[in-house]
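Asks: I would like to see how this sequence folds:
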Amino acid sequence: MIVPTTIFILISLAAANMPASFYQAMSSMTSEDTLCVKNYDAGASVTESYKNFEHLQKDTQVVSRSYNASNNEKDRTRGNASLEVHIDSSVIGEAHIAWQSRELETDLLGRHATYSRTIDDMTGVFNLVKFIQLWSNSTLGSTRLDWLPCS
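Replies: The predicted model follows:
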């Protein structure tokens, strides 16, 4: 009985000797959960970030593929590549979902042309379900999406 009491007293004394700045720092901490995925062969990137949340329940699935990849730095025809992300989350707080698709080749000024880019910033209580599919070397009609009909 003496050993548990002694340990409790030592822990209490150690906590009592902490400076006030420690408690201020601990109480001002914010919650953050961030995921960033890039597929260089596809020229695609996705960011999923949650901050200052009271509740976060998420299920994120990421599939990044590169087919016929070449290890040669000068070979920009690296075959087909894709980045697919399925996000399903329930949030009380702030969310930032962003993605972009860009050209692998640089222009005369050394910049990559951006094909498309989307940024969604949300604050409040919400459920988020999103599917993002970015493919390289795809043409219009090569991918097929099945939409639910309106009733």
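Asks: Could I get the full set of strands for the chain?
Replies: Taking DSSP state E as the test, the strands found in the chain are 32-39, 44-66, 81-106, 112-135.
Asks: Give me the contacts around the last one.
Replies: So the one you mean is strand 112-135. Residues from elsewhere that reach strand 112-135, judged by C-beta atoms under 8 Å, 6 or more residues apart in numbering: 39, 42-44, 46, 80-107, 142-143. All C-beta spots, glycine's among them, are computed from the backbone N, C-alpha and C.
Asks: Please identify the deepest-packed of the strands of the chain.
Replies: strand 81-106 (a mean of 18; mean count of other C-beta atoms under 10 Å).
Asks: how much space between D59 and I87?
Replies: D59 sits 8 Å away from I87, taking C-beta to C-beta, to the nearest Å as the criterion.
Asks: Check T123 too.
Replies: In terms of C-beta to C-beta, T123 sits 17 Å off from I87.
Asks: show me the contacts for the nearest residue to D33 once chain neighbours are set aside.
Replies: Once flanking residues are discounted, D33 sits nearest to Y50: 4.6 Å by C-beta to C-beta, 6 or more residues apart in numbering. Contact partners of Y50, counting by C-beta under 8 Å, 6+ apart, are 31-34, 56, 58, 89, 91, 93-96.
Asks: Is Y50 bridged to anything, and to what?
Replies: Note on Y50: beta-bridge partners D33, A95, judged by DSSP bridges.
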